[in-house]
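Participant: Give the three-dimensional model of this entry:
(one chain, ligands or ions: 1)
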Amino acid sequence: MSFEVRIRKRVEGGGRRFELDVAFGTDARRTVIHGPSGAGKSLTLQAIAGLLKPDEGAIHIDGQPVFDSASGIDVPARERRLGFLFQDYALFPQLTVRQNIAFALKRGWLNPSRHEGGEAVDRWIQAFELERVAQQRPHQLSGGQRQRTALARALVNEPRALLLDEPFSALDPELRGRMRAELDTLLERIGMPMLMITHDPEDVAWFGDRRVMLREGVVRGVTSSGGSARS
Ligand SMILES: Nc1ncnc2c1ncn2[C@@H]1O[C@H](COP(=O)(O)OP(=O)(O)OP(=O)(O)O)[C@@H](O)[C@H]1O
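Facilitator: Okay, the predicted model is just below:
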């Protein structure tokens, strides 16, 4: 799994201007982009996901361009084959566990109907031991069950990698520790490559085989967990 990112994006709002000018490459299975609040982590992840169009530059995933301003390539988010895990998991409260997972299979996000899914949904429900709670709604779940539901929803479309946006930051410290360990175990088990953004040093220590340090919109360093540098 590899990501090559070299993009610029200027955003303006509230009389302030922010310049993102990010360049890094990684071929690690688990990469963490870290840095202080306002560094440009979310903008970078959104650009990789296809949710934000850079002003210029290129993004390659596994050597394939998903964005290239020079040649006019801009592959739609859905076709980039990436799964997402967001802060506090963003489950639909009115849908059951099964419906939340199945929802990812539907085209279009306009009408979250009560679709039950098929074999792929069953497979992830089994893999993450959610059978007992498949008909329950998110508020009836434990933190671990909620995370596994969100993870199943992210994986049901068979993405080539998972993008994680501060997945534990909304949790209290004790639950955060447990969810981190559980996510680590599940991702190891299925061998899913991941790219996470976080400002939490604990996340960097757990998941940062490759660590991209971002500050004020610019990459300040890329290191491996062993400490060796790579630009
Ligand atoms: N849509 C937007 N319009 C204008 N400015 C924006 C927009 N999105 C982000 N910014 C600004 O760009 C900068 C970088 O934002 P970004 O969300 O990428 O930071 P971050 O590193 O993810 O921070 P945090 O850890 O707090 O989420 C911030 O100064 C933010 O105010």
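
Participant: and Arg132, how many neighbours?
Facilitator: 10 (other Cβ atoms under 10 Å). The way it works is simple: take the backbone N, C-alpha and C, and place the C-beta from them, glycine included.

Participant: quick one, what contacts it?
Facilitator: Residues near Arg132 by Cβ atoms under 8 Å, 6 or more residues apart in numbering: none.

Participant: how much space between it and Gln126?
Facilitator: With distances taken as Cβ to Cβ, to the nearest Å, Arg132 is found 11 Å from Gln126.

Participant: and what of Arg81?
Facilitator: Going from Arg81 to Gln126 by Cβ to Cβ gives 23 Å.

Participant: Look at the two and report which has more neighbours.
Facilitator: Neighbour tally, Arg81 and Gln126, criterion other Cβ under 10 Å: the higher count belongs to Arg81, 15 against 12.

Participant: any idea how far Val5 is from the more buried one?
Facilitator: 17 Å.

Participant: isn't Val204 right next to Ile197, touching?
Facilitator: No. Counting by Cβ atoms under 8 Å, Val204 stays clear of Ile197, with 10.6 Å between them.

Participant: After whichever helix in the chain runs longest, which helix or strand is next?
Facilitator: Counting residues, the longest helix in the chain under DSSP state H turns out to be helix 173-190. Later in the chain than helix 173-190, the nearest helix or strand by DSSP states H and E is strand 194-198.

Participant: between the least confident helix or strand in the chain by mean pLDDT and strand 194-198, how many degrees?
Facilitator: When the helices and strands of the chain are compared on mean pLDDT, DSSP states H and E, helix 173-190 comes out lowest with a mean of 87. Using axes from the mean of the first three to the mean of the last three Cα atoms, to 10 degrees, the direction of helix 173-190 lies 160 degrees away from that of strand 194-198.

Participant: Now the phi/psi pair for the residue most central in space within the chain, please.
Facilitator: Centroid-nearest residue in the chain, with Cα atoms, centre = their mean: Leu163, separated by 1.8 Å. Note on Leu163: its backbone torsions stand at phi -100, psi 130 [degrees, to the nearest 10].

Participant: isn't it right up against Arg81?
Facilitator: No. Assessed by Cβ under 8 Å, Leu163 is found out of contact with Arg81, at 11.1 Å.
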